[in-house]
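Colleague: Below is the sequence, then the predicted model.
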Amino acid sequence: MDFLNTILENIQHFLTFTGFANATPGHVIMIAVGLLFIYLGIAKKWEPMLLIPIGFGILVGNIPFTPGLQLGIYEEGSVLSYLYLGVVKGFYPPLIFLGIGAMTDFSTLISNPKLILIGAAAQFGIFGAYISATALGFSAAEAGAIGIIGGADGPTAIFLSSKLAPDLMGAIAVSAYSYMALVPVIQQPIMKLLTTKKERLIRMKPPRTVTQTEKIIFPVIGLLLTTFLVPSGLPLLGMLFFGNLLKESGVTRRLANTASNSLIDIVTILLGLTVGASTQATSFLTTNSVLIFCLGAASFVVATFSGILFVKFFNLFLNKDNKINPLIGNAGVSAVPDAARVSQEVGLHYDKTNHLLMHAMGPNVAGVIGSAVAAGLLLGFLG
């Protein structure tokens, strides 16, 4: 009889450690969110490289367990906590920027430098969200970290929040990546609302041919100009321009290929999985998380509005032959190259021979630089 009682006690003890015994409604909600992310990545093909790792990470982070087993991402000594150090300490984002630099062609921006103004205009969403977050009771540092979501740049959002608001990093990161995936859904209606049929049919001059010397000089000059202005943006801007120099120098092709393929893929996997796992229901499902999602959406909408309206305003001062199609104004956010693809898709809808992709890549890569500069400014003022 004692033997049987011992077995029953052991079974009961075991059952207290199962996920079924430790599950809460919050876990169920977050697992449903993770499944939704995976579905959107696979079925809708919305940023699958981001949504699938993040979605699976949400599942991993919300498997219920008994605290103290060194399983959770927030438990010291767990495997997930070590992987999450790349997010907490902010060294995954610069590695992502290295890969982005190594795969980015800045030719359109070099050939038409005024397009950088569109990338700058789109950053108004960041500062609009900063003001709104402050009004809602967030601290200045927290508001700065939330505002960067408007740049539609996940790595930058993670980098800045790791410095300014580590407690909000999970919500900020998931929000930023979610809106990156939703670029086509959010931006297309705004683009159609703010432009006339005549404006959508504007044909831009083909960009001039950029010499190899210009391509090599650009990352060097870009680094010096931006980091002398905003030294706190050095980790992101330095790696971005370094990656681009590897690509354009012509003598480090193997390094450029590694940075733009294997390295960025590995970091994207680790970043997506750990960011997803950081959405543990016990610490993620809060009023602040809901507010961050709402503010992130608002800042992204404002950024899109700002880019398009700036082009319309800028066109008032340009002659007929040099006008810019305002459909590329949305590309001022730094969701590369998805925002530029949206410009292309909407443009082709109204004129099947008017290809805007190459033109849109100018403000799109300018947006990457702009969001990193904006992050540096916020870090310099608030850090």
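Modeller: Cool, the structure landed.

Colleague: From here on, just use CA atoms for contacts and neighbour counts.
Modeller: OK.

Colleague: so how far is the helix or strand in which residue 173 is found off the chain centroid?
Modeller: According to DSSP states H and E, residue 173 maps onto helix 169-181. Helix 169-181 sits 7 Å away from the centroid of its parent chain (C-alpha atoms, centre = their mean, to the nearest Å).

Colleague: And it, what does it pack against?
Modeller: helix 48-61, helix 154-164, helix 264-277, helix 287-315 (3 or more C-alpha pairs under 8 Å, 6 or more residues apart in numbering; DSSP states H and E).

Colleague: Quick one: work out the angle between the last one and helix 169-181.
Modeller: Inter-element angle recorded for helix 287-315 and helix 169-181: 40 degrees (by axes from the mean of the first three to the mean of the last three C-alpha atoms, to 10 degrees).

Colleague: and helix 287-315, average pLDDT?
Modeller: Computed over helix 287-315, the mean pLDDT rounds to 90.

Colleague: how about it: buried residues?
Modeller: 289, 292-293, 295-312, 314-315 (16 or more other C-alpha atoms under 10 Å).

Colleague: do the same with the first one
Modeller: Residues of helix 48-61 classed as buried: 48-61 (neighbour count, 16+ other C-alpha under 10 Å).

Colleague: Check the third one too.
Modeller: Neighbour counts over helix 264-277 (16+ other C-alpha under 10 Å) mark 264-265, 267-277 as buried.

Colleague: Could you export the helices and strands packed on helix 169-181 to a markdown table, including columns for distance to residue 345?
Modeller: A markdown table is the format used below for those (distance: least, C-alpha to C-alpha, whole Å):
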| stretch | distance to residue 345 |
| --- | --- |
| helix 48-61 | 19 |
| helix 154-164 | 23 |
| helix 264-277 | 26 |
| helix 287-315 | 16 |
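
Colleague: Tell me which of those lies nearest to residue 93.
Modeller: Ranking the helices and strands packed on helix 169-181 by proximity to residue 93 (C-alpha to C-alpha) places helix 154-164 first, at 4.6 Å.

Colleague: so what does that closest one touch, helix or strand wise?
Modeller: Other helices and strands packing on helix 154-164, by 3+ C-alpha pairs under 8 Å, 6+ apart, are helix 79-88, helix 92-103, helix 140-147, helix 169-181, helix 357-382.

Colleague: could you give the angle of that helix to helix 140-147?
Modeller: 170 degrees.

Colleague: tilt between helix 154-164 and helix 48-61?
Modeller: Inter-element angle recorded for helix 154-164 and helix 48-61: 40 degrees (by the same axes, to 10 degrees).

Colleague: Now find how far off-centre helix 154-164 is within its chain.
Modeller: How far helix 154-164 lies from its chain's middle: 10 Å, per C-alpha atoms, centre = their mean.

Colleague: got the contact list for stretch 207-218?
Modeller: 106-108, 110-112, 245, 248-249, 359 (C-alpha atoms under 8 Å, 6 or more residues apart in numbering).

Colleague: ah, wrong one, I meant stretch 96-105
Modeller: 155, 236-237, 239-247, 256-257, 259-261, 263-264, 267-268, 365.

Colleague: Buried ones from those residues, can you make that a ChimeraX selection?
Modeller: Here is the ChimeraX command that selects the buried residues among these (16+ other C-alpha under 10 Å):
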select :155,236,237,239,240,241,242,243,244,245,246,247,256,257,259,260,263,264,267,268,365
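
Colleague: From the contacts of stretch 96-105, which land in helices?
Modeller: 155, 236-237, 239-247, 256-257, 264, 267-268, 365 (DSSP state H).

Colleague: Take the helix or strand harbouring residue 192, keep the C-alpha atoms, and write them as CSV.
Modeller: Residue 192 belongs to helix 183-194 when assigned by DSSP H and E. The C-alpha coordinates for helix 183-194 follow below in CSV (Å, rounded to 0.1, in the frame of the first residue of the first chain):
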residue,chain,number,x,y,z
VAL,A,183,3.6,47.4,-44.7
PRO,A,184,1.5,46.5,-47.8
VAL,A,185,-1.7,46.4,-45.8
ILE,A,186,-1.2,49.7,-44.0
GLN,A,187,0.5,51.8,-46.7
GLN,A,188,-1.5,51.2,-49.8
PRO,A,189,-4.8,52.8,-48.6
ILE,A,190,-2.9,55.8,-47.4
MET,A,191,-1.0,56.2,-50.7
LYS,A,192,-4.3,56.1,-52.7
LEU,A,193,-6.0,58.5,-50.3
LEU,A,194,-3.3,61.2,-50.4
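
Colleague: immediately after that helix, which helix or strand?
Modeller: helix 197-200.

Colleague: contacts for that following helix?
Modeller: When contacts are defined by C-alpha under 8 Å, 6+ apart, helix 197-200 is touched by residues 325-327, 347, 350.

Colleague: do stretch 245-264 as well
Modeller: The contact list for stretch 245-264 (C-alpha under 8 Å, 6+ apart) reads 95-96, 98-103, 212, 215-216, 219-220, 243.
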